[in-house]
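# Need a 3D model of the following:
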Amino acid sequence: MENGVSEKVDMLKDWIKQQPHLPHKNNDVLLTRFIYCCNGSIEVAKKLIDLFYSMRLQIPELFSDRDPAHPDIDKAWQVMDLIPLPILTKDKYQLLVYRLNTSDADNFNFINAAKTFTMVADVRMIQESSLSEGEVPIFDMKNFTIKHFTKFAFPIMRKQAVYSQEALPIRLKQIHFVNATSFFDKIMLLIRPVLKSEVVKMLHVHLPNSETLFDFIPRDLLPEEYGGTIGSCEDLKKIWRTKMLDEREYFTNDEYWKVDESKRPAGSDNSHSQYFGMQGSFKTLSID
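Presented below is the predicted three-dimensional model:
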């Protein structure tokens, strides 16, 4: 796969220059990710790049005003730990821990939380050290309460789920939910309709006080809070908070992100909006 990667990156750069609707300022590591994710296929990578940028227009709540130094983003970091872990598994999979660090929902804002989530993903996409063969996110539900649930903007969550499956240059391998709450099944009723069948098969749910997660992931690769040896969630979070602040220019410079559909070449595929008309819809659920 390494063979010819730099040449393929140059080919993608040349192609992007010919796409007046896409941003022309780009990052070599990000383009390398597209090549890896698409198994070296330039044509598949082109389609994914177009989706990666163009689908963001459909979710301005998450992909506009993305200053990592903004107080709203800082507040999100205060109540959440969003942590790409530093050591890959033996299969070269990237582990990620996402959790609320307090059960107090008063300072939880779903839009700010989801926006920060996407920003952490974007920082990861340009970190050469985190290139991997696959992704294994771990969602810890321990501090998630019904009050958090009532604050969710489900139409936005739906769009974010679709975007994550269709447009990110990653290969999902497993998805783990640990410390699953008593009302977790009702959460899944809302999520499942927008998940691809192959993604649903990747889901693994672990009950509180269960150790079944370690059947999939070595304990020592996890933070101290899970019995691991790589440091605390707080210390690991600080590393990524700093990385995000260091990339402030990347987030705030429109040359990296701005898409202008009015300039899309005739005949170019502009079907990205169809993804948000996918099957399923979020319905109001009563929670006992």
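# The most far-flung residue of the chain relative to its centre in helix, strand or coil?
Most distant from the centre of the chain: residue 266, at 31.1 Å, with distances by CA atoms, centre = their mean. Here residue 266 is recorded as coil under DSSP: H, G, I helix; E, B strand; the rest coil.
# how close does it get to residue 21?
With distances taken as CB to CB, to the nearest Å, residue 266 is found 11 Å from residue 21. The way it works is simple: take the backbone N, C-alpha and C, and place the C-beta from them, glycine included.
# So for stretch 149-164, what gets flagged as buried?
By neighbour count on 16 or more other CB atoms under 10 Å, the buried set for stretch 149-164 is 149, 152, 154, 156-164.
# just stretch 199-213 next, same as before
199, 204-206, 213.
# out of these, which are inside strands?
204-205 (DSSP state E).
# Need the buried residues of stretch 199-213 in JSON lines (columns: distance to residue 64).
As requested, those are exported to JSON lines (distance: CB to CB, whole Å):
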{"residue": "199", "distance to residue 64": "27"}
{"residue": "204", "distance to residue 64": "34"}
{"residue": "205", "distance to residue 64": "34"}
{"residue": "206", "distance to residue 64": "36"}
{"residue": "213", "distance to residue 64": "36"}
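# for the buried residues of stretch 199-213, which one is nearest residue 86?
residue 213 (18.2 Å; CB to CB).
# Kindly reformat the buried residues of stretch 149-164 as TSV and extend each row with distance to residue 115.
Output for the buried residues of stretch 149-164, formatted as TSV (distance: CB to CB, whole Å):
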residue	distance to residue 115
149	19
152	14
154	16
156	10
157	12
158	16
159	12
160	10
161	15
162	16
163	12
164	14
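# Which of those residues sits closest to residue 195?
residue 161 (6.8 Å).
# what's the neighbour count on the closest residue in space to the closest one that isn't next to it in sequence?
Excluding the flanking residues, the one nearest residue 161 by CB to CB, 6 or more residues apart in numbering is residue 194, at 4.8 Å. Close neighbours of residue 194, defined as other CB atoms under 10 Å, add up to 23.
# What residues sit buried inside stretch 120-137?
120-126, 130, 132, 134-137.
# and if you look at stretch 93-105?
93-101, 105.
# And that stretch, how far out from the chain middle?
Mean-position distance between stretch 93-105 and its chain equals 13 Å (CA atoms, centre = their mean, to the nearest Å).
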